[in-house]
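1. Based on what follows, work out the 3D shape:
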Amino acid sequence: MLELFARSDYPRHSFLNMMSNPVASASFLDFPAVELRTIPQLLHPENPHLTDYERELIEFTNTMHNFIHGGTSVYITCVYHVIEVFDDSPNPDAMGKRLV
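-> Down below sits the predicted model:
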């Protein structure tokens, strides 16, 4: 995922939330409904300490974004490391049951 919502002159609430509490959740409301609890990792393209793999992630996400939306901008990439998976389906056997 690209981090389009934060700039040095325009910090957004999602970015500020990640800085104060580095846990994020994503829910997929299908059946079964799944919640992913993650730790986001922000990769800034100008960080001189990036690994080759991190540079490839930045290049890939920006290439996909620019292909779909046009342009040649390079944005921060956010990698979500999944730490827990829950079944949030609305049935008695699930309802927040931890799967992983």
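2. any idea how far stretch 54-72 is from the chain center?
-> Centroid separation between stretch 54-72 and its chain, computed with CA atoms, centre = their mean, to the nearest Å, is 15 Å.
3. Beta-bridge partners for the most centrally placed residue in the chain, please?
-> Residue closest to the average C-alpha location in the chain (CA atoms, centre = their mean): residue 80, at 4.2 Å. Residue 80 forms beta bridges with residue 40, as assigned by DSSP bridges.
4. Can you name the residues that contact it?
-> 1, 24, 26, 36, 38, 39, 40, 41 (CB atoms under 8 Å, 6 or more residues apart in numbering). C-betas here are computed from N, CA, C, even on glycine.
5. Looks like residue 22 contacts residue 42 (just checking).
-> No - contact criterion CB atoms under 8 Å: residue 22 and residue 42 do not qualify, at 9.4 Å.
6. Neighbour count for these two, which is higher?
-> residue 42 (15 against 12; other CB atoms under 10 Å).
7. Contacts only, for that one.
-> 3, 18, 76, 77, 78.
8. Now go through those and say which are in helices.
-> residue 18 (DSSP state H).
9. Out of the contacts of residue 42, name the two that are farthest from one another.
-> 18 and 77 (13.1 Å; CB to CB).
10. The two - which one has more neighbours?
-> More neighbours surround residue 77 than the other of residue 18 and residue 77, with 22 against 18 (other CB under 10 Å).
11. What is the neighbour count of residue 44?
-> Residue 44 has 15 neighbouring residues, counting by other CB under 10 Å.
12. contacting residues for it?
-> residue 76.
13. Return the distance of it relative to residue 16.
-> 16 Å (CB to CB, to the nearest Å).
14. Pull the contacting residues for residue 39.
-> So residue 39 contacts 22, 23, 24, 80, 81, 83 (CB under 8 Å, 6+ apart).
15. Tell me if I'm right that the second one and residue 81 touch.
-> No - because the distance of 10.4 Å does not satisfy CB under 8 Å, residue 23 is recorded as not touching residue 81.
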